[in-house]
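**Q** how would this look folded up:
(chains A and B)
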Amino acid sequence: MKDFSREEIDHVLDTAEKLESVARGEEKSRLLDGKIVALLFFEPSTRTRLSFEAATQRLGGRILNLGSVEASSVMKGENLADTIRVISNYADLIVLRHPLDGSAQMASEFSTVPIINGGDGSVHHPTQTFLDLYTIRRESHLEGLKIAMAGDLKYGRTVHSLCHALSLYGAEMTFVSPPELRMPQEIVRDLEKKKIRVKETDSFEDIIGDVEVLYMTRVQRERFPDPEEYEKVKNRLKITGDLLKGADPSLKILHPLPRVNEIAPEVDSTPHACYFQQAFYGVPTRMALLALAMGVIE
Amino acid sequence: MKDKRDLKIQAIEEGTVIDHIKAGQALNVLRILGISSGCKGTVSFVMNAPGSGGRKDVVKIEGRELNVAELNRIALISPKATINIIRDFEVVQKNMVVLPSYVEGVVRCTNSNCISNSSEPIKSKFSVLQSEDGVVTLRCLYCEHVISENIAENLL
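**A** Got it, this is the predicted structure:
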């Protein structure tokens, strides 16, 4: 995400907005007519893969799917570089998801067609960040946003990328997490250097009335050696109907999904709940990225 | 008669002398230059030699003038080293090493999950930065992991 300037991000988001009616199926598009998009997913993914498929098909393109890794040439010992060299002969663009950090960067060195990073390793998932930004822009606003990010801030790659991207728009950020899962201090320092106001806390009560967007993430059980500690944290960091009584009426709640129990089901029917809408926004955002990467839109 | 204490390493006729290497780093300098047990030419070095600015290492490589790109990699582990090109026993060129802005295939990324540590046909790549207080940091161009200490221990 750090490669993108604010102007470039805005251009992607503007393009996504123009394509939203196509994403909803209200308008037809032939922008990717005759184009083939290869989906190379080396690890499980539901939303990312399906939303790329939906985005391609809504634009009239076709999908080439690697299928399961077990049934592919990868199991015969082929390296990723060779797989990319071969597939780039078959498709006009490759969407890659891979467990190793930096695999998308490497793939771009071997490919003759554009590569979109559908999530590599534990650090990057740029299309998720674009769709998060798009959701915030559509449902709230980006400029000078008061945002709280909550849950697993130590390992959560989506929040790390989002922090960087939002810093381009001058946000005020509050990080809500148990001490064990605090935002890495190098990210906090980096934000403070950019004059971003940062607050850290371990509970929602003090801050819920003063934020416009609450970005919730899942706290994973395996991060806690002590199961009792996990139970305590899980219950403390939970968004409930009661908690939201103190919230600003315009507060929007986002979550990259899947959720487990960090957002109570009663929240789903409130005007604050935005996470399913956010999942939809993955389609126009990925349509924009596909169309821009293939040069069918300037 | 010349003082015996000055004869730790003979003067060389042709080649490269790397002086003012940070004490204890001579072997890493040889490693960074790819000079290992298979090397045919004469290579000599001194470690922890007393000098006016404290202890230092010196490396002399006979019959070979190393190119600038090779030599500048030394700056990763010893930014104050100097390079002397010798012809006919005379120093014909003397330069400080210059920290390169980019290095390839010299250092291993310390992120074990980085693609550059896998069996892919690629070399590690880093952009090189130096802070105002002289600390050298490397940023992996694949995974963006930053190495700010123990660079010498991660030489390939």
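**Q** and the residue of chain B found nearest chain A, what is it in contact with?
**A** Residue of chain B nearest chain A, by CB to the nearest CB: B:Tyr142 (2.7 Å). For glycine as for every other residue, the C-beta is placed from the backbone atoms N, C-alpha and C. B:Tyr142 is in contact with A:101-103, A:105-106, B:109, B:114-116, B:122, B:124-125, counting by CB atoms under 8 Å, 6 or more residues apart in numbering or on different chains.
**Q** excluding its backbone neighbours, what's nearest A:Val211?
**A** Spatial nearest neighbour of A:Val211, chain neighbours left out: A:Ala148 (4.4 Å); criterion: CB to CB, 6 or more residues apart in numbering or on different chains.
**Q** need the contact list for that neighbour.
**A** A:Ala148 sits in contact with A:173-176, A:204, A:207-208, A:211, A:213-215, where contact means CB under 8 Å, 6+ apart.
**Q** how about A:Gly34, secondary structure?
**A** coil (DSSP: H, G, I helix; E, B strand; the rest coil).
**Q** Likewise for B:Ile85?
**A** strand.
**Q** That one against B:Leu71, yeah?
**A** No - with contacts counted by CB atoms under 8 Å, B:Ile85 stays clear of B:Leu71, the gap being 9.7 Å.
**Q** what touches both of these two?
**A** Counting by CB under 8 Å, 6+ apart, the common neighbours of B:Ile85 and B:Leu71 are B:Thr16.
**Q** Those two - which one has more neighbours?
**A** Neighbour totals were compared for B:Ile85 and B:Leu71, and B:Leu71 leads with 22 against 17 (other CB atoms under 10 Å in any protein chain shown).
**Q** can you give me the helices in the stretch 51-200 of chain A?
**A** A:80-87, A:103-110, A:126-139, A:157-167, A:185-193 (DSSP state H, counting those that start in this stretch).
**Q** Format the ones you listed as JSON lines; extra columns: mean neighbour count, distance to chain B and mean pLDDT.
**A** Output for the helices of the stretch 51-200 of chain A, formatted as JSON lines (neighbours: other CB atoms under 10 Å in any protein chain shown; distance: least, CB to the nearest CB, whole Å; pLDDT from 0 to 100):
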{"stretch": "helix A:80-87", "mean neighbour count": "19", "distance to chain B": "5", "mean pLDDT": "95"}
{"stretch": "helix A:103-110", "mean neighbour count": "22", "distance to chain B": "5", "mean pLDDT": "96"}
{"stretch": "helix A:126-139", "mean neighbour count": "23", "distance to chain B": "12", "mean pLDDT": "97"}
{"stretch": "helix A:157-167", "mean neighbour count": "22", "distance to chain B": "11", "mean pLDDT": "92"}
{"stretch": "helix A:185-193", "mean neighbour count": "13", "distance to chain B": "8", "mean pLDDT": "91"}
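**Q** Chain B against chain A: which residues are in contact?
**A** By the rule CB under 8 Å from any CB of the partner chain, the part of chain B lying against chain A is B:111, B:113-116, B:118-122, B:140-145.
**Q** switch the cut-off to 7 Å
**A** When proximity is defined by CB under 7 Å from any CB of the partner chain, chain B lies next to chain A at B:111, B:113-116, B:118-122, B:140-144.
**Q** and A:Leu214, that one's in a strand?
**A** Yes - under three-state DSSP, A:Leu214 falls within a strand.
**Q** need the residues of chain A near chain B, please.
**A** A:79-81, A:100-103, A:105-106, A:121-123.
**Q** ok, now with 8 Å
**A** Contact residues (CB under 8 Å from any CB) of chain A with chain B: A:2, A:79-81, A:98-103, A:105-106, A:109, A:120-123.
**Q** Buried subset of the contacts of A:Ala148, written for ChimeraX?
**A** The ChimeraX selection below is limited to those of those classed as buried (16 or more other CB atoms under 10 Å in any protein chain shown):
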select /A:173,174,175,176,204,207,208,211,213,214,215
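**Q** So which of the contacts of A:Ala148 sit within strands?
**A** Under the assignment DSSP state E, the contacts of A:Ala148 contribute A:173-176, A:213-215 to strands.
**Q** just those now: which is nearest A:Gly246?
**A** Of all the ones in strands among the contacts of A:Ala148, A:Leu214 has the smallest distance to A:Gly246: 12.0 Å, by CB to CB.
**Q** who does that closest one bridge with?
**A** A:Ala148, A:Ile253 (DSSP bridges).
**Q** Test my guess that it contacts A:Ser250.
**A** No - judged on CB under 8 Å, A:Leu214 makes no contact with A:Ser250 at a distance of 11.6 Å.
**Q** Now do the shared contacts for those two.
**A** In contact with both A:Leu214 and A:Ser250: no residue, using CB under 8 Å, 6+ apart.
**Q** Next, count neighbours for the residue nearest to B:Ile77 when sequence neighbours are not counted.
**A** Leaving out its chain neighbours, the residue that sits closest to B:Ile77 by CB to CB, 6+ apart is B:Ala152, at 4.7 Å. Residues lying near B:Ala152 (other CB under 10 Å) number 18.
**Q** Would you mind confirming that B:Ala152 is in contact with B:Ala26?
**A** No - here B:Ala152 does not reach B:Ala26: they are 11.2 Å apart, not a contact under CB under 8 Å.
**Q** Now do the contacts for the residue of the stretch 101-250 of chain A found nearest chain B.
**A** The nearest approach of the stretch 101-250 of chain A to chain B comes at A:Gly102, 2.7 Å away (CB to the nearest CB). Counting by CB under 8 Å, 6+ apart, A:Gly102 touches A:120-121, B:114-116, B:140-144.
**Q** same deal with B:Arg31?
**A** By CB under 8 Å, 6+ apart, the contact set of B:Arg31 is B:Leu155.
**Q** Look at it and tell me its secondary structure.
**A** B:Arg31 - assigned by three-state DSSP - is helix.
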